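Enquirer: need a structure here:
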Amino acid sequence: MACFVYEGMMLFGLLLIPGAIGALFVAVTGSAHPLVLEVIAFVVFGIYFTWFWSRRGQTLPMQTWHILVLTTSGQPLSQPRALLRYAASCAWFAPAWLIKVLNHWTGWDGIAALGIGVVAYALLALLHPQRQFWHDAICGTQLIDAKPEPRRKS
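Expert: Reported below is the predicted structural model:
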């Protein structure tokens, strides 16, 4: 979960890109529809995760916490599998986001719904036989411990 929080801080920084694109969209069209900004953020985040998972098997926070994502056969992720994993990982947020939107919750109500949804999804991993997140089980991926071997003293 510490990696998840660190990843959130990285994504907060990445939000500058959709924010700039959204500001340009508002300037050109005169319309500030929040769904457009959310779609732009979804695409930017998808590019971020798909690129890192298929190139290195790790995002920057995953490197810090020595977590590596591989296929269940131990192979690096292809771009299509990384994209599938990104889409499936929306299960962290999608149900709570949908409830938030349907109930027209904003501010703290929306944040609380998303927080409860994230915690509920994390707890669902306890129901998996290998304590794996369900999006990994569906996509045929796994998270492994990638700590470097300790150096021997000469």
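
Enquirer: I figured residue 145 hits residue 66, correct?
Expert: Yes - Residue 145 is within contact range of residue 66, at 6.2 Å (criterion: C-beta atoms under 8 Å). C-beta: built from backbone N, CA, C; applies to glycine.

Enquirer: neighbour-wise, which of those two wins?
Expert: residue 66 (13 against 8; other C-beta atoms under 10 Å).

Enquirer: buried stuff in the helix or strand where residue 35 lies?
Expert: For residue 35, the enclosing helix or strand under DSSP states H and E is helix 34-55. Of the residues in helix 34-55, 36-37, 40-41, 44-45, 48-50, 52-54 count as buried by neighbour count, 16 or more other C-beta atoms under 10 Å.

Enquirer: out of the residues you listed, which one sits closest to residue 24?
Expert: Of all the buried residues of helix 34-55, residue 24 sits closest to residue 40, with 10.2 Å by C-beta to C-beta.

Enquirer: which residue sits closest to the closest one, ignoring its sequence neighbours?
Expert: residue 18 (4.1 Å; C-beta to C-beta, 6 or more residues apart in numbering).

Enquirer: ok, now how distant is that neighbour from residue 25?
Expert: Going from residue 18 to residue 25 by C-beta to C-beta, to the nearest Å gives 10 Å.

Enquirer: which residues touch residue 108?
Expert: Residues counted as contacts of residue 108 (C-beta atoms under 8 Å, 6 or more residues apart in numbering): none.

Enquirer: Quick check on it: phi, psi?
Expert: Torsion angles at residue 108 (phi, psi; degrees, to the nearest 10) stand at phi -70, psi -30.

Enquirer: And the strands in the chain?
Expert: With DSSP state E as the criterion, the chain has strands at 67-71, 141-145.

Enquirer: Name the stretch among those strands that sits most buried.
Expert: strand 67-71 (a mean of 19; mean count of other C-beta atoms under 10 Å).

Enquirer: List the contacts of the nearest residue to residue 58 once chain neighbours are set aside.
Expert: Counting by C-beta to C-beta, 6+ apart, residue 58 lies nearest to residue 68, which is 5.6 Å off, once chain neighbours are set aside. Residues near residue 68 by C-beta under 8 Å, 6+ apart: 57-58, 62, 143-146.

Enquirer: Just checking, which of those comes out lowest on pLDDT?
Expert: Ranked by pLDDT, those bottom out at residue 146 (87).
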